[in-house]
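**Student:** Here's a sequence, model it:
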Amino acid sequence: MSERVARISRTTKETDIELSVDLDGTGTTDVETGIGFFDHMLTAFGRHGLFDLSVRCAGDLEVDGHHSVEDVGIVMGQAFAQALGDKRGIRRFGDIALPMDEALILAAVDISGRGQLFWDAQVPPVMVGSFDATLAKEFFIAFAANAGVTLHVRQLAGENTHHVIEGMFKAVARAMRQACEPDSRMGDALPSTKGML
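**Tutor:** Next comes the predicted model:
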């Protein structure tokens with residue numbers, strides 16, 4: 001399997017983003033978005049997915065964090081789609097029920113080419129540090145749509161908002177790790193009966 005890396009730059013009137021990902025990395029991360037908790041979540045995503053991830057985002061934080069979080073989701077999704085290439089030889093599916101203290105999060109992913117998020121969680125509209133907790137969903141909407149993955153995120157248990165959101169990022173990372181991994185039995189075949197993903 002060839003090198004599965006991507007580097008993307010995206011500049012709008014709201015954000016300026018430089019992002020790179022290596023799907024076959026070791027979990028090395030270098031993240032700066034100006035939103036401490038979001039940096040923590042992206043770092044956890046890279047570490048638990050074993051994705052080498054570098055993110056630089058300069059956004060209009062004087063407005064709020066919405067544009068930065070959503071736009072990083074867009075670019076990160078685009079980077080995963082680019083790094084996956086033609087998707088030959090991958091497992092395609094991944095899932096996990098991940099505990100984060102009292103929180104329990106289910107994440108399931110299908111690298112289907114049909115980017116969509118299915119969300120069943122009760123995340124209150126509170127601030128976690130300088131991060132608006134409601135933006136977790138916005139990030140995953142943007143990521144799924146631009147990565148071309150069907151993504152299910154369900155909160156099975158949890159009271160602490162920090163734990164719930166951190167559980168989500170770790171669970172999605174682990175599910176994506178499974179789905180992106182090469183399948184030795186698949187060889188160079190495409191994991192689809194349609195002949196395309």
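**Student:** And the closest residue to residue 96 other than its chain neighbours, how close does it get to residue 142?
**Tutor:** The spatial neighbour of residue 96 that comes closest, neighbours along the chain excluded (C-beta to C-beta, 6 or more residues apart in numbering), is residue 174 at 4.6 Å. C-beta here means a position set from N, CA and C on the backbone, and glycine is covered the same way. With distances taken as C-beta to C-beta, to the nearest Å, residue 174 is found 20 Å from residue 142.
**Student:** ditto for residue 163
**Tutor:** Residue 163 is 23 Å from residue 142, by C-beta to C-beta.
**Student:** repeat for residue 178
**Tutor:** Separation of residue 178 from residue 142 (C-beta to C-beta) stands at 21 Å.
**Student:** Look at the two and report which has more neighbours.
**Tutor:** Of the pair residue 178 and residue 142, residue 142 is the one with more neighbours under other C-beta atoms under 10 Å, namely 22 against 18.
**Student:** Just say helix, strand or coil for that one.
**Tutor:** Secondary structure assignment for residue 142 (DSSP: H, G, I helix; E, B strand; the rest coil): helix.
**Student:** so where's this structure shaky on pLDDT?
**Tutor:** Judged by pLDDT under 70, the chain has its weakly predicted residues at 1.
**Student:** Quick check: closest non-adjacent residue to residue 12.
**Tutor:** That would be residue 71: by C-beta to C-beta, 6+ apart, it lies 7.0 Å from residue 12.
**Student:** Would you mind listing the residues in contact with that neighbour?
**Tutor:** With contact taken as C-beta atoms under 8 Å, 6 or more residues apart in numbering, residue 71 is in contact with 10, 12, 14, 15, 17, 57, 59, 142.
**Student:** Does it belong to a helix, a strand or coil?
**Tutor:** helix.
**Student:** Ok, the one 4 residues further on next?
**Tutor:** Assigned state for residue 75: helix (three-state reduction, three-state DSSP).
**Student:** what about it, neighbour count?
**Tutor:** 24.
**Student:** Isn't it up against residue 10?
**Tutor:** Yes. If you go by C-beta atoms under 8 Å, residue 75 and residue 10 touch, sitting 5.1 Å apart.
**Student:** Which neighbours do the two have in common?
**Tutor:** Joint contacts of residue 75 and residue 10 (C-beta under 8 Å, 6+ apart) are 17, 19.
**Student:** all helices of the chain, in order?
**Tutor:** Along the chain, counting by DSSP state H, helices occupy 36-49, 66-84, 135-147, 161-180.
**Student:** Residue 93: which of the ones you listed is closest?
**Tutor:** Across these, residue 93 has its closest neighbour in helix 161-180 (5.7 Å, C-beta to C-beta).
**Student:** now the angle between helix 36-49 and the closest one, please.
**Tutor:** Here helix 161-180 runs at an angle of 30 degrees relative to helix 36-49 (axes from the mean of the first three to the mean of the last three C-alpha atoms, to 10 degrees).
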